[in-house]
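>>> One predicted model, sequence on top.
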Amino acid sequence: MSLAFNLTRYALLTLVAVSLGAWSVRMWTSAHDRTSGDVLPADGLVVVNFHGAVRCNGCREIGKEAQAVVETDFGGDLKSGRMNWRVINFEAPANKHFIQDYGLTTSTLVLVRREHSRDVEWQRLDAVWDHLFDGPAMRSFLKQHITQLSSKTVAP
């Protein structure tokens, strides 16, 4: 056999091996994602920063402001477990149910009041986009809505 034939054969075998390896990794990752989705706490108020796989500057800013409000203004509720902060990629395969659960169409914040592992009430705060890059207005908007729903929350 010629040298060119042997090189071609080894190149094709290498390509097949690499392709099978990549396919195996993709399948394992996909199966792992389906079984390891994010779970909301059983009780309390959950402030969820839902985002897609790619996060723009606006998405990051909303998340940063919301986390600051939750940690600063509701730190006692966080420590007691009465409130929780979550950041969830709703585009991950195991988290896609959140799209239907909360009517998600884009990155946003959702407040979820939970009792006994069930959603009792929730609010999608799409208007956070109206306050983008206006820190004081954003913080005021978030504090108002979190306080309103938090007042209905029973301690765990």
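That came in fine, so what should we check first?

>>> Quick check, pLDDT for residue 27.
The confidence metric pLDDT takes the value 54 at residue 27.

>>> Quick check: closest non-adjacent residue to residue 132.
Counting by CB to CB, 6 or more residues apart in numbering, residue 132 lies nearest to residue 58, which is 5.3 Å off, once chain neighbours are set aside. Glycine gets a C-beta too; all of them are placed from N, C-alpha and C.

>>> from memory the one you found sits against residue 131, does it?
No: checked against CB atoms under 8 Å, the pair residue 58 and residue 131 is beyond contact range at 10.8 Å.

>>> More neighbours: the two, which one.
residue 131 (19 against 14; other CB atoms under 10 Å).

>>> Return the residues in contact with that one.
137-138, 141 (CB atoms under 8 Å, 6 or more residues apart in numbering).

>>> Please report which of these has the highest neighbour count.
residue 138 (23 neighbours).

>>> Check the secondary structure at that residue for me.
helix (DSSP: H, G, I helix; E, B strand; the rest coil).
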